[in-house]
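Colleague: following is a predicted model, sequence given first.
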Amino acid sequence: MREAKERVAMTVANRCIRPIIMRWLLTSFTAKRILQGEKKISLDLGLSLEEITIEKNRVIFPDNQKLSLEKLRKIAKDKRSVYFLENGILYKAQFFDSKSNRFYKLIIARENSPPTLEISGIHMHRIKDIDPLQDTERKVFSIPIGGVGLDICTGLGYTAIMASKRCSKVITIEKDKNVLAIARLNPWSAELFKSKKISIILSDAFYFISALRKKFDFIIHDPPRYAMAPELYSQDFYIKLFNALKDGRYMFHYTGKPEMKKGKRILANIKTRLKKAGFTVKWKEEALGYVCKKP
């Protein structure tokens, strides 16, 4: 049974890694609309509309792929997942990587909204009373954007895409190839792989920036929570960030805002280490992170 599940997971992972092609994406929202008889719906998570044909017991998509209404009813009951239809086969946009022991999944919180990435149960964006794009806006627009920027922890690429609209180039670093694989499935991430202003580096940021000196006009440091990547919150790494940033320029460091006493100590320690690295530091409440300036 475990081997069978891993084969299915690998199939989905391979689908994600392949170059971006046309796939029809379905969520509980779109499934319910189809079951209610709507014939013009979004099949790319809200970016555009397509015409479908509804027959007695199946749906026919624009490229003549077919899906039974029985399967649509099952999708309609699954409020969080994203599904995709490729070559007549329905997949859930999720997979488990046995090497890293991590589970990757696209999560949708509301209709016609960009999804977030969930890794082993942890969301990579805020989704309570805010969507991932609004979360990204608050981070990116917390500091001046221009010139050449560094985005640490690519994720689904929303930060790199948004920042690239206001600067000449963004270098975005992602350590986990599985993250980039599932980003390829997300239509809201398409520009990450198409834009000539964005360079994706598959590497460990801790080591990648070691030799860089005064290269970047801005940095957006958006690491996973402390428990998942403590090295990205370390004194050594903050010094590397300070060295990589040009004089007088800004970095935004997303931290979130843990409510427990331990979480408050973590935030205080982060601030202390940032100051020790040489930054002036100011808390940005709406973005839940620190605005850091290199004198």
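Modeller: Received, thanks.
Colleague: just for the stretch 1-150 of the chain, where's the confidence low?
Modeller: Within the stretch 1-150 of the chain, the stretches with pLDDT under 70 are 1-22.
Colleague: so where do the strands sit in it?
Modeller: For the stretch 1-150 of the chain, strands defined by DSSP state E, counting those that start in this stretch occupy the ranges 24-26, 40-41, 50-51, 53-54, 58-60, 66-68, 83-86, 89-92, 94-97, 102-107, 116-119, 122-123, 148-152.
Colleague: equivalent analysis for the stretch 151-295 of the chain, please.
Modeller: 169-174, 198-202, 216-221, 245-254, 280-284, 289-293.
Colleague: parallel or antiparallel, list what pairs with the fifth one.
Modeller: In other words, strand 280-284. Strand pairing for strand 280-284, using DSSP bridges, gives strand 289-293 (antiparallel).
Colleague: and Thr30, what is it in contact with?
Modeller: 41-43 (CB atoms under 8 Å, 6 or more residues apart in numbering). (Glycine included, C-beta is placed from N, CA and C.)
Colleague: Throw the residues you listed into TSV and include distance to Ser142, thanks.
Modeller: As requested, these are arranged in TSV below (distance: CB to CB, whole Å):
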residue	distance to Ser142
Ile41	36
Ser42	31
Leu43	34
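Colleague: now do the helices in the stretch 101-250 of the chain.
Modeller: 132-140, 158-164, 177-183, 190-194, 205-208, 235-244 (DSSP state H, counting those that start in this stretch).
Colleague: pull the number of nearby residues for the residue nearest to Gly289 when sequence neighbours are not counted.
Modeller: Setting aside the residues directly before and after it, Gly289 is nearest to Tyr254 in space (CB to CB, 6 or more residues apart in numbering), at 4.0 Å. For Tyr254, the count of nearby residues is 23 (other CB atoms under 10 Å).
Colleague: list the contacts of Tyr254.
Modeller: Under the criterion of CB under 8 Å, 6+ apart, the contact list for Tyr254 reads 139, 220-223, 287-289.
Colleague: neighbour count and distance to Phe279 added to the residues you listed, as TSV?
Modeller: Rendered in TSV, the data for the contacts of Tyr254 read as follows (neighbours: other CB atoms under 10 Å; distance: CB to CB, whole Å):
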residue	neighbour count	distance to Phe279
Lys139	25	17
Ile220	28	14
His221	23	11
Asp222	23	16
Pro223	18	16
Ala287	21	16
Leu288	17	18
Gly289	24	13
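Colleague: which two of the residues you listed have the greatest separation?
Modeller: Among those, the pair separated by the greatest distance (CB to CB) is Pro223 and Ala287, at 14.4 Å.
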